[in-house]
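Chemist: here is the input, now give the coordinates:
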Amino acid sequence: MKKTLYLIIVIIVMVSFGQLIPPDNYTEGGEKKFGSYNVKNGKFQNLVETEFTEDKKIGIEDIKNYIEVTLPDKYKKMIYSLEIMTDGEGGNDAYVYMDNLHSKDWVICVDYIDVFDSSGDFSNDFGEIIAHETMHIITLNDTQIDNNSGEDTYVADEGKLKKDSTLNTFYEKFWKENMDIHESFMKLGEDLGTVEYFKEYPDTFVTSYAAINPEEDIAESFAYFVTWDKPTGGKIYEQKILFFYDYPELLEIRKQMRIAINNI
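Modeler: The predicted structure is shown next:
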C-alpha cells in the first residue's frame with residue numbers, strides 16, 4: 001500500500017500540464033542516458049556527462065569514434081546530437097529522429113548495452129545497425145521532402161516524399177502495388193501483422209523487421225547492401241539490395257562504410 005501511494009505521489013510530481021516529465025538523465029521512454037555529444041558542422045564536441053557516465057567513458061568514446069568514421073561527411077553534418085543511452089537489454093539497438101527544435105537536423109541514439117558483446121567488443125551487427133540508421137537520414141532528410149507537392153507520392157511521418165526521391169522510387173518499385181495487402185496484415189496490429197506478412201512473403205524482405213513499412217524496408221535492405229557482397233539471385237529481397245547499385249553516391253557510401261567497419 002505504501003509503495004502504491006509513493007508511486008502515485010511520484011507520478012503527480014512528474015506530471016506538468018498533462019505531460020509526463022522524465023527525471024534528469026532519462027528520456028520520456030524511461031531510457032537511461034550515459035552521455036551525449038553535440039555535433040556542429042559534422043564535428044563531435046566534448047562529451048556531455050550524466051550521473052551514469054563515469055564507468056562507461058571508454059565505451060562511450062568508442063561508440064562516438066565508430067560513428068565518426070563510419071557516417072559519410074555529408075550526412076554527419078545533418079546530425080545535431082549523438083546520445084548514448086539504454087532502454088534495457090534487447091530493446092532498441094539504435095534509432096534516429098529529427099530534432100523538433102532544429103528541423104533540418106537529426107539526433108542519433110545508440111544503446112550502450114546492446115552494441116557491445118560479452119567480451120566488450122562491438123557486436124557483429126553494429127555495422128549493419130549504423131548503416132540502417134544512416135539510410136533513414138539519407139531518405140528522410142528535408143532535401144527528400146516536399147509537403148507542397150501535388151504528385152502522388154509516398155507519405156512518411158517526416159512528410160511527403162519528392163517524386164524522384166530515393167525512398168519514393170523504392171516505394172513505387174517494390175511497395176505501391178502491394179500496399180493493400182500490407183495494410184490488411186497490419187489490421188492484426190503492427191507486431192503480429194509484420195510477422196505474418198513476412199511469413200507469407202519470406203523472399204520479399206531481408207528481415208522480418210523490413211516488412212513493417214517502406215522506411216524500414218529500405219533501411220534494412222541498405223544495411224545488407226553495405227555489409228553483404230553483391231547478390232546474384234533473383235529473389236525480391238535481392239532485387240532490393242541491387243536497387244542501390246544504380247546510385248553512384250550510395251555506392252561510394254558503401255565503399256566508405258565497408259572500409260570503416262572492417263578497420264574498426
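Chemist: which stretches in this protein count as strands?
Modeler: 15-16, 19-20, 32-40, 43-49, 79-86, 94-98, 106-111, 155-156, 159-160 (DSSP state E).
Chemist: could you say which of those strands is packed most deeply?
Modeler: strand 106-111 (a mean of 23; mean count of other C-beta atoms under 10 Å). C-betas here are computed from N, CA, C, even on glycine.
Chemist: packing partners for it?
Modeler: helix 57-70, strand 79-86, strand 94-98, helix 126-140 (3 or more C-beta pairs under 8 Å, 6 or more residues apart in numbering; DSSP states H and E).
Chemist: run me through the strand neighbours of that strand, direction for each.
Modeler: strand 79-86 (parallel), strand 94-98 (antiparallel) (DSSP bridges).
Chemist: ok, residues contacting that strand?
Modeler: 31, 63, 67, 78-87, 91-99, 133, 137, 141 (C-beta atoms under 8 Å, 6 or more residues apart in numbering).
Chemist: likewise for stretch 173-188?
Modeler: Outside stretch 173-188, the residues that reach it (C-beta under 8 Å, 6+ apart) are 154, 193-194, 196-197, 200, 211, 213-214, 217, 236, 239-240, 243.
Chemist: again, 10 Å this time
Modeler: The contact list for stretch 173-188 (C-beta atoms under 10 Å, 6 or more residues apart in numbering) reads 152-154, 167-168, 170-171, 192-201, 204-205, 211-214, 217-218, 221, 236-237, 239-240, 243.
Chemist: now, of those residues, which are buried?
Modeler: Listed as buried from the contacts of stretch 173-188 are 153-154, 167-168, 170-171, 193-198, 201, 204-205, 211-214, 217-218, 221, 237, 240, 243; burial here means 16 or more other C-beta atoms under 10 Å.
Chemist: show me the residues you listed that map onto helices.
Modeler: 167-168, 170-171, 193-198, 214, 217-218, 221, 237, 240, 243 (DSSP state H).
Chemist: low-confidence ranges, this protein, go.
Modeler: Scanning the chain with the threshold set as pLDDT under 70 gives 1-30, 100-103.
Chemist: domains of it?
Modeler: What the record gives for the chain is the domain set 22-123, 143-263, from automatic domain parsing.
Chemist: centre of the chain versus the last one, how much separation?
Modeler: In this view, domain 143-263 has its centroid 13 Å away from the chain centroid, taken as C-alpha atoms, centre = their mean, to the nearest Å.
Chemist: end to end, how far does that domain reach?
Modeler: 31 Å (C-alpha to C-alpha, to the nearest Å).
Chemist: next: stretch 160-179.
Modeler: 17 Å.
Chemist: report the buried residues of that stretch.
Modeler: For stretch 160-179, by 16+ other C-beta under 10 Å, it's 160-162, 165-172, 174-175.
Chemist: rewinding a little: nearest to Tyr37, of the helices and strands packed on strand 106-111?
Modeler: strand 79-86 (4.5 Å; C-beta to C-beta).
Chemist: just want the angle from the closest one to helix 126-140.
Modeler: Angle between the axes of strand 79-86 and helix 126-140 is 140 degrees (criterion: axes from the mean of the first three to the mean of the last three C-alpha atoms, to 10 degrees).
Chemist: would JSON lines of the domains of the chain with distance to Ile129 be doable?
Modeler: Below are those laid out as JSON lines (distance: least, C-beta to C-beta, whole Å):
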{"stretch": "domain 22-123", "distance to Ile129": "5"}
{"stretch": "domain 143-263", "distance to Ile129": "7"}
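Chemist: what bridges to the spatially closest residue to Leu82 that is not a sequence neighbour?
Modeler: Excluding the flanking residues, the one nearest Leu82 by C-beta to C-beta, 6 or more residues apart in numbering is Tyr37, at 4.5 Å. Beta bridges link Tyr37 to Leu47, Leu82, judged by DSSP bridges.
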